[in-house]
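Colleague: Kindly generate the corresponding structure for this input.
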Amino acid sequence: MEVHAPDHGIHSWRDFLVHMGTVCVGLLLALGLEQSAVAVHEANQRADLREGLDLDTRQDLADSLRSAKYADDGIAWTVVRIGQVRAALATNTALAARPPVPVDLFDIIDDPAFKAAKASGLLALLPQRDVLAYSEADGTVDLVEKSFEQSQLSRQNLRAFEFEFRSASGALDFSKATPGELHRYLDLLVDSAMALNAFRFWNEQAWGLETALLRGDRDLNDLHKAERTLNNPPASLKIH
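Modeller: Numbering: from 1, shown residues only. Here you go, the predicted structure:
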């Protein structure tokens, strides 16, 4: 911004006041326009950020339900297999054929809009209560990811053990498995069921929280209550 000298000399107080008044009005107009432009830009950024957060929330609702369904199916399969192994150990008979493994059709929840806003400093555009609410959701997303990684590790250990009993045709053959090996198999199955249950638990926490966010809840106490709305173990998880 530049302030130019008057085109003619200042010969009186009147000329001085007129000139200074013109300068001040010009400066105020320039600053006002600049602040208006900044306000409009920030309003647009805030609207885009809210839209992104809303889209993430809606997607996470769908993904958390599919993830919980995947965990339920996996737990149900594992419980059946545990029953087969226990029956073989109790009766000293051959292990029954493994039931078909459920198909994995799901996506892990994520919050890219929040993470991008946090990295770029755009969270400052939101009220503090919104920042705290979405930070709570981000923490739940992290717990879902960690529980999924643990469930995948448990599953890999289980599949690696089963691979040792593959026949030349590719089918599983536990006919020569020792009681010790069957006990090891049982431990791996139980570990897998527990890991899947943890993954299911955190997805249900996420579903409750994202549902509350979508309806406009921002109070942390309300969000914590919403997280606990579905904290029930799956019906299939009855390992005696």
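
Colleague: Only C-alpha atoms from now on, for both contacts and neighbour counts.
Modeller: OK.

Colleague: what's downstream of the helix or strand bottoming out on mean pLDDT in the chain, the next helix or strand?
Modeller: Lowest by mean pLDDT, DSSP states H and E among the helices and strands of the chain is helix 13-91, with a mean of 82. Using DSSP states H and E, the helix or strand that follows helix 13-91 towards the C-terminus is helix 112-120.

Colleague: Could you pull up the mean pLDDT of that following helix?
Modeller: For helix 112-120, the mean pLDDT works out to 95.

Colleague: any idea which residue sits dead centre in this structure?
Modeller: Among the residues of the chain, the one closest to the centroid is Val141, at 2.7 Å (C-alpha atoms, centre = their mean).

Colleague: part of a helix, is that residue?
Modeller: Yes. If the criterion is DSSP: H, G, I helix; E, B strand; the rest coil, then Val141 is within a helix.

Colleague: Model confidence for it, exactly?
Modeller: On the pLDDT scale, Val141 gets 97.

Colleague: dump the residue contacts of it.
Modeller: Val141 is in contact with Ile109, Asp110, Asp111, Ala206, counting by C-alpha atoms under 8 Å, 6 or more residues apart in numbering.

Colleague: again, 10 Å this time
Modeller: Residues near Val141 by C-alpha atoms under 10 Å, 6 or more residues apart in numbering: Asp60, Ser64, Ile108, Ile109, Asp110, Asp111, Ser135, Ser147, Trp202, Asn203, Gln205, Ala206.

Colleague: Quick check, the first one in contact with Phe106.
Modeller: Pointing back at Asp60 there. No. When contacts are counted by C-alpha atoms under 10 Å, Asp60 is not listed as touching Phe106 (11.2 Å).

Colleague: Who has more neighbours out of the two?
Modeller: Higher neighbour count among Asp60 and Phe106: Asp60, with 24 against 15, using other C-alpha atoms under 10 Å.
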